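>>> predicted model follows, preceded by the sequence.
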Amino acid sequence: MSTHEVYFQALTLLEKTNRLSFELIRERALPPAASTNEIRSEDVREVLSAALGRIRTIQQVLGVGRDPVLPPPAPQGTETDLFMGILHTNRQVNLLLDRRYSPSDVFWQVTVAVSFADAILAQDPSSGPPPAAPEFQAGKRPADVFGRLVACYALVHRIGDRLGLHMLELTVTPVGEYEIFPSDVYDIASLLVSELTYIHQHLPEAPPPQTVYRYGGKFPSDVFQRAGILLRQLLLILAR
Amino acid sequence: MAVSGDTHRQTATALVSGMRATPRSISARGPALLIIFWVLAVWPVLPVLALDEPFLDADAHQLLAAMADEVEHLRWVMGGADSGPCADQGSSGVHT
């Protein structure tokens, strides 16, 4: 576990809080400037502070605010504690949204991961063309995408190990198929993006990733197929 | 039967090292067993412990606690924290 994983999960929290803010009071907070250097704990604090400020602004505008008092200082926790806390709060914020995180959002996030994997592959000029998309399989559920992304994470972890980078040890307890929501899949996808960003930063020869645009109207089967491309890319990176 | 302090220590060493041994054999092998115990049981754990370092910015923990509290308050205001569309729907099963 390192600070960049906590930072990216905190960014996801701010993003969801911003969406909630737009739905309820038609306002958004500007995200903090992207950190260009090594991510520090101050960066995490800044993002969490922005998310908290946004929630309090929502409450004030709706007239349901309370005195903004910080709770007593928390006992010293680990980065894992913070990561899991943010993950839990992310899920709670998603429950408040009218337009909850959808497969289209996950599709976008997985496409960002694909663009980073593409850039990592491209650092080797001898690498061939990017892998083709696997066959489209209709009827996939968010849980299927979740499982495929967890498999991708295991490969990313092995790539990180090979480069000597410390990465989060992720374990997933099996839960029911209908207990996995697109928001959960989005959180795993954003974790993948954070790790691939981290790997990309440590490969100075890798070109910058391509800009990715959001698409609408995507289904879990579309995301499953896109995650299949990512899986093939990661296998290629590992095979080098 | 009275047991001497030395025997207590020897027995404790045997328990720690997870081996059944008589006090006589421990007295001969005690230091070696302790070294084996250290190498096999403690040393592999140290890097794992070192990976999950305390997050030194205590403000971040405090901010997150406040955030969780405010989100809970908003969920309660918007439809109830224990039922309805804003109710908690379990966990994705992710652990670290």
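Alright, I've got the coordinates.

>>> show the backbone phi and psi for residue A:6.
Backbone geometry at residue A:6, expressed as degrees, to the nearest 10, gives phi -60, psi -40.

>>> same check, this time on residue A:207
Residue A:207 adopts backbone torsions of phi -70, psi 160, taken as degrees, to the nearest 10.

>>> OK, contacts around it?
Going by Cβ atoms under 8 Å, 6 or more residues apart in numbering or on different chains, residue A:207 touches A:119, A:122, A:123. C-betas here are computed from N, CA, C, even on glycine.

>>> surely the last one meets residue A:205?
Yep, that's residue A:123 we're talking about. Yes. The pair residue A:123 and residue A:205 passes the contact test of Cβ atoms under 8 Å, sitting 4.4 Å apart.

>>> neighbour-wise, which of these two wins?
residue A:123 (15 against 9; other Cβ atoms under 10 Å in any protein chain shown).

>>> enumerate every residue touching the more buried one.
By Cβ under 8 Å, 6+ apart, the residues touching residue A:123 are A:203, A:205, A:206, A:207.

>>> helix or strand right after the least confident helix or strand in chain A by mean pLDDT?
Across the helices and strands of chain A, mean confidence by mean pLDDT, DSSP states H and E is lowest for strand A:171-172: a mean of 80. Going down the chain from strand A:171-172, the next helix or strand is helix A:182-201, by DSSP states H and E.

>>> now the helix or strand hosting residue A:153 against helix A:182-201, angle please.
Residue A:153 belongs to helix A:142-163 when assigned by DSSP H and E. Here the directions of helix A:142-163 and helix A:182-201 differ by 20 degrees (axes from the mean of the first three to the mean of the last three Cα atoms, to 10 degrees).

>>> helix A:142-163 and chain B, are they touching?
Yes. Using Cβ under 8 Å from any Cβ of the partner chain, helix A:142-163 comes into contact with chain B via residue A:146.

>>> ditto for stretch A:5-15
Yes. On the criterion Cβ under 8 Å from any Cβ, stretch A:5-15 is in touch with chain B at A:6, A:13.

>>> so for that stretch, what's the average pLDDT?
For stretch A:5-15, mean pLDDT is 91.

>>> which helix or which strand is home to residue 60?
No chain in the question, so chain A it is. Element membership for residue A:60, per DSSP H and E: helix A:41-62.

>>> that's the wrong chain, I wanted chain B
With DSSP H and E as criterion, residue B:60 is part of helix B:58-79.

>>> name the residues of that helix that are buried.
For helix B:58-79, a neighbour-count test (16 or more other Cβ atoms under 10 Å in any protein chain shown) marks B:58-71, B:73-75, B:77-78 as buried.

>>> same thing with stretch A:86-104?
Residues of stretch A:86-104 classed as buried by neighbour count (16+ other Cβ under 10 Å): A:86-97, A:100-104.

>>> show me which of those residues neighbour chain B.
Filtering the buried residues of stretch A:86-104 for neighbours of chain B using Cβ under 8 Å from any Cβ leaves A:86, A:87, A:88, A:89, A:91, A:92, A:93, A:95, A:96.

>>> so which residue is dead centre in chain A?
Per Cα atoms, centre = their mean, the C-alpha nearest to the average position across chain A is that of residue A:190, at 1.0 Å.

>>> which segments of chain A make up each domain?
Chain A breaks down into these domains under automatic domain parsing: A:1-98, A:101-240.

>>> out of the ones you listed, which gets the lowest mean score?
Here the domains of chain A differ in mean pLDDT, and the lowest is domain A:1-98 at a mean of 85.

>>> show the contacting residues for residue A:197.
A:4, A:8, A:116.

>>> brain fart, residue A:150
A:170, A:172, A:188.

>>> ok, of these, which one's closest to chain B?
residue A:172 (5.1 Å; Cβ to the nearest Cβ).

>>> hey, what's that closest one bridged with?
Under DSSP bridges, the beta-bridge partners of residue A:172 are residue B:94.

>>> and it, how far is that from residue A:50?
29 Å (Cβ to Cβ, to the nearest Å).

>>> okay, these two: which has more neighbours?
Set residue A:172 next to residue A:50 and count neighbours by other Cβ under 10 Å: residue A:50 wins out with 20 against 15.

>>> need the contact list for that one.
A:14, A:29, A:31, A:32.

>>> take these and keep only those in helices.
Under the assignment DSSP state H, the contacts of residue A:50 contribute residue A:14 to helices.

>>> can you pick the most crowded of the contacts of residue A:50?
Busiest of those [other Cβ under 10 Å] is residue A:14, holding 22 neighbours.

>>> surely that one touches residue A:29?
Yes. Between residue A:14 and residue A:29 there is a contact under Cβ under 8 Å: 7.2 Å.
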